[in-house]
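K.L.:
my questions are about this predicted structure, shown below with the sequence.
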Amino acid sequence: MSLSGEEVERYARHIVLRDVGGPGQMKLKRARVLAIGAGGLGAPLLQYLAAAGVGTLGIADDDVVSLSNLQRQIIHGTPDVGRPKVESAADAIARLNPHVEVVTHPVRVDAENVRALLRDYDVIADGSDNFKTRYLVADAAFHERKPLVSAALGTFDASLTTIRAHEAGADGTPNPTYRCLFPEPPPPGTVPTCEEAGIVGALAGVMGALMALEVIRAIVGFGEGLVGRLLLVDGLSMRFETLNYSWDSENPLSGTHVTR
């Protein structure tokens, strides 16, 4: 596998970067990334990963495009209303970069299919809009030994972290799981949905782009990723803060009381 002349020109601004270069671009071309959701977070995530030259993009989403999506889900357009999101997103990616292979998974992620969905990919990017799916994906990523980039949106706030719970830190301590950060989901009904509370569309774009950056860093291997760190974004005060978190020995996945 090599880069064609057209690809060299397309990715020229990556290739001249010392921390990416030709070898890093080849890593991107060989990479397989699964996006959970083609909505507010998944839309910019997929576009930036496609533009960056990630070789294979999987998209898992069982929803169809609605008119109210278009305020933030910018991979879809008005003519796409009523179409499956995976199809609309795949067409947009093809227009953006024909060198990217798209694999569509028009299914709802659940306990029965989640591990099989993750298995064929190198990095998982979760842009789902509910806690049940986030926990399912995070647990499956641990069991399948996959790095996970996970983001969540509020009305004017958002968060982002990277989970590599199947690995250990430099001191030998296990990296934290998603359940080390959030041991239990909030009770049903306590956190309003996007439909109920609303969301500013541009915030989804910011966070989807940051997710893409984390995925690219995970593939190429430059910079300091967000393992053990939670990035918090406040869109009202325009503040970015980072909180550290660590492995919890009581977590049910990799804790000291887990029976393997």
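P.N.:
That came in fine, so what should we check first?
K.L.:
wait, residue 197 touches residue 156, no?
P.N.:
No: in this structure residue 197 lies outside contact range of residue 156 using Cβ atoms under 8 Å: 9.9 Å. (C-beta placed from N, C-alpha, C; glycine too.)
K.L.:
more crowded one of these two?
P.N.:
residue 156 (15 against 11; other Cβ atoms under 10 Å).
K.L.:
list the contacts for the residue lying closest to that one once chain neighbours are set aside?
P.N.:
Computed as Cβ to Cβ, 6 or more residues apart in numbering, the closest residue to residue 156 that is not its neighbour in sequence is residue 235, at 4.1 Å. Going by Cβ atoms under 8 Å, 6 or more residues apart in numbering, residue 235 touches 156, 157, 158, 200, 202, 203, 206.
K.L.:
repeat for residue 88
P.N.:
By Cβ under 8 Å, 6+ apart, the residues touching residue 88 are 38, 65, 75, 76, 77, 80.
K.L.:
shouldn't it be within a helix?
P.N.:
Yes: when the secondary structure is assigned by DSSP: H, G, I helix; E, B strand; the rest coil, residue 88 falls within a helix.
K.L.:
for the nearest residue to it once chain neighbours are set aside, give its distance to residue 207.
P.N.:
Counting by Cβ to Cβ, 6+ apart, residue 88 lies nearest to residue 80, which is 4.0 Å off, once chain neighbours are set aside. With distances taken as Cβ to Cβ, to the nearest Å, residue 80 is found 22 Å from residue 207.
K.L.:
which one's more surrounded, those two?
P.N.:
Higher neighbour count among residue 80 and residue 207: residue 207, with 25 against 21, using other Cβ under 10 Å.
K.L.:
that one sits in which helix or strand?
P.N.:
When secondary structure is defined by DSSP states H and E, residue 207 falls within helix 201-220.
K.L.:
need the next SSE after that helix, C-terminal direction.
P.N.:
Using DSSP H and E, the helix or strand that follows helix 201-220 towards the C-terminus is strand 229-234.
K.L.:
packing partners for that next one?
P.N.:
Here strand 229-234 touches strand 157-163, helix 201-220, strand 239-244, going by 3 or more Cβ pairs under 8 Å, 6 or more residues apart in numbering; DSSP states H and E.
K.L.:
repeat the analysis, applying 6 Å as the threshold.
P.N.:
Using 3 or more Cβ pairs under 6 Å, 6 or more residues apart in numbering; DSSP states H and E as the contact criterion, the neighbours of strand 229-234 among helices and strands are strand 157-163, strand 239-244.
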